[in-house]
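what follows is a predicted structure for the sequence shown.
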Amino acid sequence: MSDLPSKRAAVLAFIRERIEGQGHSPSLAEIAEAFGFASRNAAQKHVQALSEAGLIELSPNQKRGIRLPGRTRQDVVTLPVLGRVAAGLPIGADIGIEQELQLDRRLFSLPPDYLLKVQGDSMIDDGILDGDLVGVHRSSEARDGQTVVARIDEEITIKRLERGLRGIRLLPRNPAHAPIEVRPGQDFAIEGIFCGLVRRG
């Protein structure tokens, strides 16, 4: 890479950052915009040269067909983004597939089944920030102390699970927020276990 012209090296760095940070490659139009190229043709020339040098791989006829070499199909998982999850007060579930992302499965501690976009700041002490995409492993069971995605009266939230003598509580990881007490008879279910996150720039 040290032999690359500086602009081409910067394009390669930009492609890597997008794939690793957002789960998909930039389009030619996005590369052109990021570097102030007059047209997509200039971006195409850099991308083609990087491909010929073996630094990226191209899938023909795809808008986001740039891949990093060395990743096998076993390393990559395609995950749907299924809406929002509250890191704060529970919000109404608005589940619907917003998009799909291809991500390195090694980002996650458990095999994720889907992603949810975080809204709120109640989990910031666990490094879960507003706007993050959290990976969720579907499970109706969880251990005390695990971070879970839970449904309470048809609303969805992400919190740390506490099972104790007083029953079930969902604990925030921000002292500005109060725990959520799950009352007897309340419609409550664990939807899944938090297994990692993606932070997009």
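Here it is on my side, so go on. Residues are numbered from 1 along each chain as shown.

the longest helix in this structure is where?
helix 6-22 (DSSP state H).

who touches that helix?
The list of residues contacting helix 6-22 from outside it, by CB atoms under 8 Å, 6 or more residues apart in numbering, reads 1, 4, 24-26, 30-31, 34-35, 43, 46-47, 49-50, 55-56, 66-68, 101, 104, 198-201. Every residue, glycine included, has its C-beta placed from N, CA and C.

swap in 10 Å and give it another go.
Here helix 6-22 makes contact (CB atoms under 10 Å, 6 or more residues apart in numbering) with 1-5, 24-27, 30-31, 34-35, 37, 42-43, 45-47, 49-50, 53, 55-56, 64, 66-68, 71, 101-104, 107, 133, 198-201.

give me the buried subset of those.
For the contacts of helix 6-22, burial is judged from neighbour counts taken by 16 or more other CB atoms under 10 Å, and it is met by 4, 24-27, 30-31, 37, 42-43, 46-47, 49-50, 55-56, 66-67, 101, 103, 133, 198.

where does the residue sitting furthest away from the middle of the chain land on pLDDT?
For the chain, the largest distance from the centre (CA atoms, centre = their mean) belongs to residue 165, which lies 34.9 Å off. Listed pLDDT for residue 165 reads 83.

please apply the same query to residue 132.
92.

what's the burial count for it?
For residue 132, the count of nearby residues is 20 (other CB atoms under 10 Å).

correct me, but it touches residue 84?
No - counting by CB atoms under 10 Å, residue 84 is not a contact partner of residue 132; they are 11.3 Å apart.

related to what we said a few turns ago, give me the buried positions along the longest helix of the chain.
So for helix 6-22, counting by 16+ other CB under 10 Å, buried means 8, 9, 11, 12, 14, 15, 18, 19, 22.

format those as a markdown table; extra columns: pLDDT and distance to residue 155.
Output for the buried residues of helix 6-22, formatted as a markdown table (pLDDT from 0 to 100; distance: CB to CB, whole Å):
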| residue | pLDDT | distance to residue 155 |
| --- | --- | --- |
| 8 | 89 | 49 |
| 9 | 88 | 47 |
| 11 | 92 | 44 |
| 12 | 90 | 44 |
| 14 | 89 | 39 |
| 15 | 89 | 39 |
| 18 | 82 | 33 |
| 19 | 79 | 34 |
| 22 | 69 | 28 |
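
most widely separated two among the residues you listed?
8 and 22 (21.1 Å; CB to CB).

hang on, the earlier thing: so of the buried ones among the contacts of helix 6-22, which ones are in strands?
66, 67, 101, 103, 133, 198 (DSSP state E).

so what's residue 159 bridging to?
Beta-bridge partners for residue 159, by DSSP bridges, are residue 148.
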